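Enquirer: Attaching a predicted model along with its sequence, questions to come.
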Amino acid sequence: MKRWLALMTVLTMMLAGCVTEETVTGEEEPSVVVTAPTAMMFPSWSAYDHNNLSHANDEFSNLSYMAYFSAPWCAHCESTIDAYDQVIPEGRIAVFSMEAREEYANMSEWQNRTEVNLNRTLTRPFMLHPELAKSVDVKSIPHAVFVNEQGYVYHVEIGKETNLTYIQSMWDLTASARFNTTTGWSPSPPEAAA
């Protein structure tokens, strides 16, 4: 038992790095490198909307915006797009369908059905873009990506969201967020929804 205890003490000291005391002189002090958290640029994209008008990420140059991913068959997503539409300024949401199946490819039908179900007009572009959804790793819908004016993803919100106050606060943070490769985000982004 004593041998086992002695062996465990020696192993613990070795693993903890506490075998000898080191003195560090001024020249040998380890340098501390502070790196900013990585930020992901939102991918470049282009697509045609429900009115056959062309859209691309270029129209959001120097503007914050939201890339909203859903699918025409997602009825529970309508209350979320309704909430985002009430908060996010005109011309700042791009609605993308992540659904690749042909029977869901009609964006005019999706946009019209959503307007009927919400009993109001939506002027956001509805676009088919399953490739973009894959490139930003959309697995669950609704999936909202808040992109700052530099083109960086600031926040991702996954799932149903109807709290207008919360959406407004996320939008305000996104609109003021800046990323610096040395210092990181200002203000710091909230934790992403999982």
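Expert: Sure thing, it's come through.
Enquirer: The residue nearest the centre of the chain and residue 67, how far apart?
Expert: In the chain, the centroid-proximal residue (Cα atoms, centre = their mean) is residue 156; its distance is 2.9 Å. Between residue 156 and residue 67 the computed distance is 10 Å (Cβ to Cβ, to the nearest Å). Quick note: C-beta positions are derived from backbone N, CA and C, even for glycine.
Enquirer: Over to residue 41?
Expert: For residue 41, the distance to residue 67 - Cβ to Cβ - is 12 Å.
Enquirer: coming back round to it: touching both of residue 156 and residue 67, which residues are there?
Expert: 144-145 (Cβ atoms under 8 Å, 6 or more residues apart in numbering).
Enquirer: Pick out whichever of residue 41 and residue 67 has more residues nearby.
Expert: Neighbours per residue, other Cβ atoms under 10 Å: of residue 41 and residue 67, the larger number sits with residue 67, 26 against 12.
Enquirer: Quickly note the distance from the more buried one to residue 180.
Expert: Separation of residue 67 from residue 180 (Cβ to Cβ): 23 Å.
Enquirer: ok, now residue 171?
Expert: 21 Å.
Enquirer: More neighbours: which of these two?
Expert: Counted by other Cβ under 10 Å, residue 171 and residue 180 do not tie: residue 171 has more neighbours, with 20 against 11.
Enquirer: Does the more buried one belong to a helix, a strand or coil?
Expert: Counting by DSSP: H, G, I helix; E, B strand; the rest coil, the backbone at residue 171 sits in helix.
Enquirer: In this structure it contacts residue 147, no?
Expert: No: using Cβ atoms under 8 Å, residue 171 is not in contact with residue 147; the gap is 11.2 Å.
Enquirer: who does the host helix or strand of residue 94 pair up with?
Expert: Using DSSP states H and E, residue 94 falls within strand 93-97. Here strand 93-97 has these sheet partners by DSSP bridges: strand 65-70 (parallel), strand 126-128 (parallel).
Enquirer: how about low-confidence regions in the chain?
Expert: The chain contains residues with pLDDT under 70 at 1-37, 191-194.
Enquirer: And the helices in it, which stretches?
Expert: 2-16, 78-87, 107-118, 130-135, 164-176 (DSSP state H).
Enquirer: what sits up against the third one?
Expert: Surrounding helix 107-118, the residues in contact under the criterion Cβ under 8 Å, 6+ apart are 48-51, 72, 75, 78, 81-82, 97, 104, 121-122, 126-128.
Enquirer: ok so, going back, please identify the most buried of the strands paired with strand 93-97.
Expert: strand 65-70 (a mean of 25; mean count of other Cβ atoms under 10 Å).
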